[in-house]
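Trainee: how would this look folded up:
(chains A and B)
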Amino acid sequence: MQPIRSMFNEVRYELVKIILLNVFLSTIILFLLADLVALIFNMPLWYVIIAAALYFIIMMAFEVRKISIRHVEEKNPELKEILRTAKDNMNEDSLMAHALFFEVLEKMKRISSGTFLDFKKLMIKIATIFTLAIVLVSIAFFNINVAKFDNPLERPMAAISGFLGGLTGTEPEGMGGDAGAEVFGDPSLANLGKDQLVATVNPSLNSPDFNSVDPASPASDPLSDLGGEGGAFNTPEGGYSDSGLSERDQERSYNYAKQTQG
Amino acid sequence: MAAPSAEAVKNIDKLKATFTNITAEIGKKIVGQDEVVEQIIIAILTDSNALLESYPGLGKTSTIKAVAETMNLKFSRIQGTPDLMPSDITGTYVIEEKDGKKVFKFQRGPLFANIVLVDEINRATPKTQAALLEAMQEKQVTVGNQTFELERPFFVLATQNPIDQEGTYPLPEAQTDRFLLKIILNYPTIEQECEIVDRYTKPQENEQLQQLLSAESIILLQKLTRQVPIANDIKRRAVEIVAKTRHVPELIEYGASPRASLGIVLAAKAKALMDGRKFVSAKDIDDMALPVLRHRIVLSFKTERAGKSPDDIIREVLKSV
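Mentor: Numbering: from 1, shown residues only, chains lettered A, B, ... in the order given. I've put the predicted structure just below:
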């Protein structure tokens, strides 16, 4: 009885492999379709990945539960009824049962697992995948976006991240640490400010004549332009200067200028 | 049980040839009743009894005699008549002189055989018909306070005709239920009838049929029949067919009992064995439903008035299951 049991295990294994292949191809089709929709509506890709993964898991569980020896019988008419009879009587220990097992084993030797495959279905799936891939590449090439997807999870996610940031004591992104650099630009760029650009304004045309810009010459006091000592930004009384900057902003500008100078 | 040898498996494969030879041998005497012969052999393989019904002159008795000839078994014949007494078939005590003393000795009747042909069973009185019941079901005969086991294999093959009902005693349902199969013989085709005419209008050769099966081999075949594996869904189909006959009151007044389910499955196993298969197919079940069920259902008045036969109704049931 051991050989017949092993044979049925082998058949089951082969069927699982075929189901895996079929479900995998279906999942790819679903993934490509969903990706197409995501591309057109500007949806995030991880939505598509989650949907495809869920489909794969559910379909595998469903199909594996549905495995029946009848699938093999349908594909191989010479095994009709004999295979399920052998399966239902695997524990029988009689001469007729053994003779049946012997016959089933003999017949199964002549059958390859390829016969379990539905080639027509398989070819249709592969052709569908190919077509979808071409459509997807074309849409990506022409950059077709029908609508901007309003991510319903964006606000809750931002709120959660803000809440978590509050709990851990870290500031939300862009507000601390390098905030000064973001506001004022990279300090190295400020060195350009050391050079003096002189432009002549043509009063008759009311627009600058950039053809008559003189070459840059080093400034005597670069801080004068940025509110350094004796600069225009400095106000002896404090408060708001003529430029409209607050005292704190002026101080920050001064510190930044010093940093770049130093 | 250890796995059987390749030799044993080959012997099982040869069974089909054996049954083909038996059918061919019977065919030397009987023309065009292959299905009937097959069903009689099925009754023998299932260790059961069969009731043959047909209009007179279709070869019921000849067929049974031909089947019996191909088997090396004790054969006896009982002719059903209204004055047939139970003791005429079971046997009776007779006074015998032994050592100068008169003693009662049991004289065995025609029931003590392997194949018993009860011709025109419906002409025997209900009392005599009832005497057959114990033999058919229990394979034993009780006379007075003594019980005698019947030799194995034992089966009753009875005949009756559906017309000329005057002076007959239709078998009660309880007795017809004891017959596994009710086999109907139909008229032969023109070609078959020509052959019958040819064969039986020439000088008689009195050909003897070859004996192909012994009592031991029949008992072995009966064991093998019960061993034929059947798939669960096919077994369930048999049971559903029988159960369905109990749930169509507009067509059937009384449906078949669970004994019919046993009968269908067993007969289907025998049919599979005869066909050289080691498993029962759904077709075997359908083929056996007619002979197993036709005498076990009682049609409703409405159905009878519509002129439908039990076979018509069983076919409808088969379609619906």
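
Trainee: which residue is the nearest non-sequential neighbour of B:T176?
Mentor: In space, and not counting its chain neighbours, B:T176 is closest to B:H295: 4.5 Å by Cβ to Cβ, 6 or more residues apart in numbering or on different chains. All C-beta atoms are positioned from the backbone trio N, CA, C, and that covers glycine.

Trainee: what's the answer for B:F75, then?
Mentor: Per Cβ to Cβ, 6+ apart, closest to B:F75 is B:A68, 4.2 Å.

Trainee: wait, what's in contact with that neighbour?
Mentor: By Cβ atoms under 8 Å, 6 or more residues apart in numbering or on different chains, B:A68 lies in contact with B:75, B:115, B:117.

Trainee: export these as CSV, with columns for pLDDT.
Mentor: As requested, the contacts of B:A68 are arranged in CSV below (pLDDT from 0 to 100):
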residue, pLDDT
B:F75, 88
B:I115, 90
B:L117, 89
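
Trainee: of the residues you listed, closest to B:D83?
Mentor: B:L117 (19.0 Å; Cβ to Cβ).

Trainee: show me the contacts for the closest one.
Mentor: B:61, B:64-65, B:68, B:75-78, B:157-159.

Trainee: of those residues, which belong to strands?
Mentor: Judged by DSSP state E, the contacts of B:L117 include B:75-78, B:157-159 as members of strands.

Trainee: out of the residues you listed, which are buried?
Mentor: Buried members of those, counted by 16 or more other Cβ atoms under 10 Å in any protein chain shown: B:75-78, B:157-159.

Trainee: A:L30: which of the residues you listed is nearest?
Mentor: Nearest to A:L30 among these is B:L157, at 66.5 Å by Cβ to Cβ.

Trainee: how much space separates the closest residue to the closest one other than its chain neighbours from A:E106?
Mentor: Take B:L157 and drop its neighbours on the chain: the residue closest to it by Cβ to Cβ, 6+ apart is B:I64, 4.7 Å away. B:I64 sits 39 Å away from A:E106, going by Cβ to Cβ, to the nearest Å.

Trainee: who has more neighbours out of those two?
Mentor: Using other Cβ atoms under 10 Å in any protein chain shown as the criterion, B:I64 and A:E106 rank with B:I64 on top: 26 against 10.

Trainee: and the strands in the chain, which stretches?
Mentor: I went with chain A, as the question did not name one. When secondary structure is read from DSSP E, chain A shows strands at A:195-202, A:207-218.

Trainee: looking at chain B here, not the other one
Mentor: Assigned by DSSP E, the strands in chain B fall at B:49-53, B:71-72, B:75-79, B:91-98, B:101-108, B:115-119, B:140-143, B:146-149, B:155-160, B:179-184, B:213-214, B:252-254, B:298-299.

Trainee: tell me the mean pLDDT for the last one?
Mentor: I take that to be strand B:298-299. For strand B:298-299, mean pLDDT is 89.

Trainee: what residues does chain B have near chain A?
Mentor: Proximity of chain B to chain A (Cβ under 8 Å from any Cβ of the partner chain) is limited to residues B:1, B:3-4, B:8-9, B:12-13, B:224, B:227-234, B:278-282.

Trainee: pick out the shakiest of the strands of chain A, pLDDT-wise.
Mentor: Going by mean pLDDT, the lowest-scoring of the strands of chain A is strand A:207-218, which has a mean of 57.

Trainee: quick check, the residue in the stretch 101-250 of chain A closest to chain B?
Mentor: Taking Cβ to the nearest Cβ, chain B has its nearest neighbour within the stretch 101-250 of chain A at A:F102, 5.2 Å off.

Trainee: how about that residue, nearest residue that isn't a chain neighbour?
Mentor: B:V9 (5.2 Å).

Trainee: give me the number of residues near the one you found?
Mentor: 20.

Trainee: who are the contact partners of it?
Mentor: Taking Cβ under 8 Å, 6+ apart as the criterion, B:V9 is in contact with A:98-99, A:102.

Trainee: what's the burial count for the residue nearest to B:Y169 when sequence neighbours are not counted?
Mentor: Leaving out its chain neighbours, the residue that sits closest to B:Y169 by Cβ to Cβ, 6+ apart is B:P126, at 5.3 Å. If you count neighbours by other Cβ under 10 Å, B:P126 ends up with 12.

Trainee: chain B contacts on chain A?
Mentor: So far as Cβ under 8 Å from any Cβ goes, chain A lies against chain B at A:1, A:80-82, A:84-89, A:92-100, A:102-103.

Trainee: apply 6 Å and report the result again.
Mentor: By Cβ under 6 Å from any Cβ of the partner chain, the residues of chain A that approach chain B are A:81-82, A:84-85, A:88-89, A:92-100, A:102.

Trainee: outline the domain layout of chain B.
Mentor: B:14-81+B:113-203+B:212-227, B:229-321 (automatic domain parsing).

Trainee: neighbours of residue 18, just the number please.
Mentor: If you meant another chain, say so; for now it's chain A. 19.

Trainee: sorry, I should have been clearer: chain B.
Mentor: For B:T18, using other Cβ under 10 Å, the count is 16.

Trainee: what pLDDT is listed against the nearest residue to it once chain neighbours are set aside?
Mentor: Leaving aside its chain neighbours, B:T18 sits nearest to B:L212 (6.9 Å; criterion: Cβ to Cβ, 6+ apart). Listed pLDDT for B:L212 reads 85.

Trainee: relative to B:K269, how far out is B:L212?
Mentor: 21 Å.

Trainee: what about those two, which has more around it?
Mentor: Between B:L212 and B:K269, counting by other Cβ under 10 Å, B:K269 is the more crowded of the two (26 against 17).

Trainee: mind listing what the closest residue to B:S54 other than its chain neighbours touches?
Mentor: The shortest distance from B:S54 to any non-neighbouring residue, by Cβ to Cβ, 6+ apart, is to B:L185 (3.5 Å). The contact partners of B:L185, taken as Cβ atoms under 6 Å, 6 or more residues apart in numbering or on different chains, are B:36, B:54, B:58.

Trainee: just the closest of the residues you listed to B:T168, please.
Mentor: The nearest member of the contacts of B:L185 to B:T168, counting by Cβ to Cβ, is B:S54 at 15.0 Å.

Trainee: may I have the phi/psi pair for that closest one?
Mentor: Main-chain dihedrals, B:S54, degrees, to the nearest 10: phi -170, psi 170.

Trainee: do you know how far it is from chain A?
Mentor: Separation of B:S54 from chain A (Cβ to the nearest Cβ, to the nearest Å) stands at 33 Å.

Trainee: quick one: buried residues of stretch A:4-18?
Mentor: For stretch A:4-18, by 16+ other Cβ under 10 Å, it's A:4, A:7-8, A:11, A:14-15, A:18.

Trainee: which residues does it contact?
Mentor: A:67, A:101, A:108, A:113, A:116-117.

Trainee: next: stretch B:193-211.
Mentor: By Cβ under 6 Å, 6+ apart, stretch B:193-211 touches B:25, B:31, B:69-70, B:72.

Trainee: then stretch B:158-173?
Mentor: Counting by Cβ under 6 Å, 6+ apart, B:51-53, B:55-56, B:60, B:118-119, B:121-123, B:125-126 sit against stretch B:158-173.

Trainee: among those, the buried ones, what's the PyMOL command?
Mentor: Buried residues within the contacts of stretch B:158-173, by 16+ other Cβ under 10 Å, are selected in PyMOL with:
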select buried, chain B and resi 51+52+53+60+118+119+121+122+123+125
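
Trainee: nearest to B:E216 among the contacts of stretch B:158-173?
Mentor: Set against B:E216, the nearest of the contacts of stretch B:158-173 by Cβ to Cβ is B:V118 (25.2 Å).
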